[in-house]
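Asks: After the sequence you'll find the predicted model.
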Amino acid sequence: MTTLSFTLDPQNVISAIDPRLFGSFIEHLGRAVYTGVYEPEHPLADEDGFRQDVIDLVKGLHVTTVRYPGGNYVSGFNWRDSIGPKEERPVRLDYAWISKETNQFGIEEFARWCEKTGVEPMIAVNLGTGTPQEAGYFAEYCNHPGGTTLSDLRIQHGRREPYNFRLWCLGNEMDGPWQTGQMNAREYAHKARETAKILRCIDPKAQLVACGSSSSAMTTFPEWDRVVLEELYDYVDFISCHQYYENEGSETDFLASFVNMDNFIETIVSTANYAKAVRRSNKEMMISFDEWNVWYLRGDPWDAPMKDPANRFREAPPLLEDRYSFLDALVMGGLLCSLLNHADRVKMASLAQLVNVIAPIFTEPGKGALCQTLYWPFEMVASVSDGVVLRHQLPVPTFSSKYGDARSVQSSVVYNDARGEIYIFAVNCDFTTAFELDINLPAFSDCRLKEHKVLRSDDLYAKNTFDDPNRVHPEIIDYPHGSLRENTLMLSPLTWNRITLSVARA
Ligand code: AHR
């Protein structure tokens, strides 16, 4: 056992947390929408055809924003197909996922689902086959109060008040060879800039996200980001980051995924600061990490359906339905700490995705819904992280990984002054060492151990299934005393932890 002695100071703040750090993502992909959030024939469907069991689980997850309608899907998406009476909506081919799209769930349905779920919509516009003008028409239909052909069309469709969507993504992964309408950085920057001008003209309050590199593994990273940031600096509020992680055979490398996320964020921050200097700007560019998760791409290549002619252009086929393990949940805990520790620059993030497609929530058509292992670390952080992130230094040993040296314990600390609570989030990546926490709190007169929640399992590959839905589930550790000093606080090997302290200022 090793003791980790560290001090927490409520003045030593990295940043207040933007609630939009706990966003997620629903794409027209596989069963994310159809039989995921929308299934009119389901016994638990509400009057709009939304699965109430899924709405309840999304609320329980404390998701704050949902990005929509893609993803790769958006780069061939015609917004006009997804409005108006359902029986008049066209059935289309989806170029991204080689599926058939019925458009029975569209903009109005998404907006209603967000209202019922209590999340803020984040809308992506098509900059693949789409044009700046069409993006403008889309925004006008959605956000202009009335008196023009398109805004009056929305009213005629039954939505008198504008949707007032505030968050707009200018395309998706436009550097990717897989993307419909892929471009080079300069072409993208010009198209995105002209789109930004139109969107801001329609709605000066719009907040705009430019496409950054679609992963740090792209050969064009970070040159793409430099060019895009220099060209778009004055026009957008955010640059996006996307990154997925998977176990490629080494559990230690996989556990160290947070090192890659830290480095990725820090490189984009440096690139943004460089562009700020070039543009002689006073503005701070923020990051929207709007796709992140564990995704077993090698086990389930995204283009697999294309290879089997029998699978082409099916309606809502089961795609990217990863089933997650306890180990995946530990990795997610580390990634959540990375996002929190960069809360000064990462103001928005979207767990990709939310239901069925690489998702924490999994449904069976006509039947139940399940919390995958990933649900729990996200819930444990998002449900309490409405404070500030404190800078802290755990004196932990490191281990080597393909990403470089990694701390054995990846941690983050959140302080909520109004509630008088400190939350310590920590994943112990060590296979054998337990770490004892010796926490110094000189700024507080009283400190009590309110709760220690842990995600643990004797099997790294344990999964939640419909037969055993709570196999991986947070547990509360019992301590003999209320006061922090009288207890021995332990981070056991291979566990994800949330420790809640009740504190009173000295
Ligand atoms: O989330 C799945 C896909 O991953 C998204 O459609 C795309 O943006 C990314 O490549």
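Replies: Everything's here; your move. Residues are numbered from 1 along each chain as shown.

Asks: Which residues of this protein lie near the ligand?
Replies: Contact residues, the chain versus the ligand (C-beta under 6 Å from any ligand atom): 27, 70-72, 172-173, 291, 352-353. Backbone N, C-alpha and C define where each C-beta goes, glycine included.

Asks: try it again with 8 Å
Replies: The chain has residues 25, 27, 29, 70-73, 96, 172-173, 176, 178, 214, 242, 244, 291, 293, 295, 302, 320, 352-353, 357-358 near the ligand, with proximity defined as C-beta under 8 Å from any ligand atom.

Asks: give me the residue from the chain nearest the ligand.
Replies: G71 (2.9 Å; C-beta to the nearest ligand atom).

Asks: how far away is that residue from F25?
Replies: 7 Å (C-beta to C-beta, to the nearest Å).

Asks: before we move on, the earlier item: could you pick out which of the residues of the chain next to the ligand are located in strands?
Replies: 25, 242, 244, 291, 293, 352 (DSSP state E).

Asks: Quickly check the residues you listed for the two that are furthest apart.
Replies: Farthest apart among those by C-beta to C-beta are F25 and Y244. That separation is 12.0 Å.

Asks: Common neighbours of these two, please.
Replies: Residues touching both F25 and Y244 (C-beta atoms under 8 Å, 6 or more residues apart in numbering) are 291, 352.

Asks: which of the two has more neighbours?
Replies: Neighbours per residue (other C-beta atoms under 10 Å) separate F25 from Y244, with F25 holding more: 29 against 17.

Asks: Now do that one against N263, distance only.
Replies: Distance of F25 to N263, given as C-beta to C-beta: 23 Å.

Asks: could I get the ones in strands among the residues of the chain next to the ligand as TSV with pLDDT and distance to E88?
Replies: Below are these laid out as TSV (pLDDT from 0 to 100; distance: C-beta to C-beta, whole Å):
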residue	pLDDT	distance to E88
F25	98	28
H242	98	35
Y244	98	37
E291	98	32
N293	98	36
A352	98	31
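
Asks: mind putting those residues in CSV, distance to G118 included?
Replies: Output for those, formatted as CSV (distance: C-beta to C-beta, whole Å):
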residue, distance to G118
F25, 17
H242, 25
Y244, 27
E291, 22
N293, 22
A352, 20
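
Asks: Pick the one among those closest to N428.
Replies: Out of those, the member with the shortest distance to N428 (by C-beta to C-beta) is N293, at 21.4 Å.

Asks: What's the local residue count around the closest one?
Replies: Residues near N293, counting by other C-beta under 10 Å: 26.

Asks: which residues touch it?
Replies: N293 touches 244-245, 332, 351-353, 358, 374, counting by C-beta under 8 Å, 6+ apart.

Asks: ok, which pair from those is furthest apart?
Replies: For those, the farthest-apart pair by C-beta to C-beta is Y245 and Q353; their separation is 14.8 Å.

Asks: Give me the common contacts of G71 and F25.
Replies: Joint contacts of G71 and F25 (C-beta under 8 Å, 6+ apart) are 291, 352-353.

Asks: which residues in the stretch 1-150 of the chain form helices?
Replies: Along the stretch 1-150 of the chain, the stretches classed as helices by DSSP state H, counting those that start in this stretch are 52-61, 107-117, 132-143, 149-156.

Asks: I'd like these as CSV, with mean pLDDT, distance to L255 and mean neighbour count appended.
Replies: Shown next, in CSV, are the helices of the stretch 1-150 of the chain (pLDDT from 0 to 100; distance: least, C-beta to C-beta, whole Å; neighbours: other C-beta atoms under 10 Å):
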stretch, mean pLDDT, distance to L255, mean neighbour count
helix 52-61, 98, 23, 19
helix 107-117, 98, 32, 19
helix 132-143, 98, 41, 21
helix 149-156, 98, 48, 15
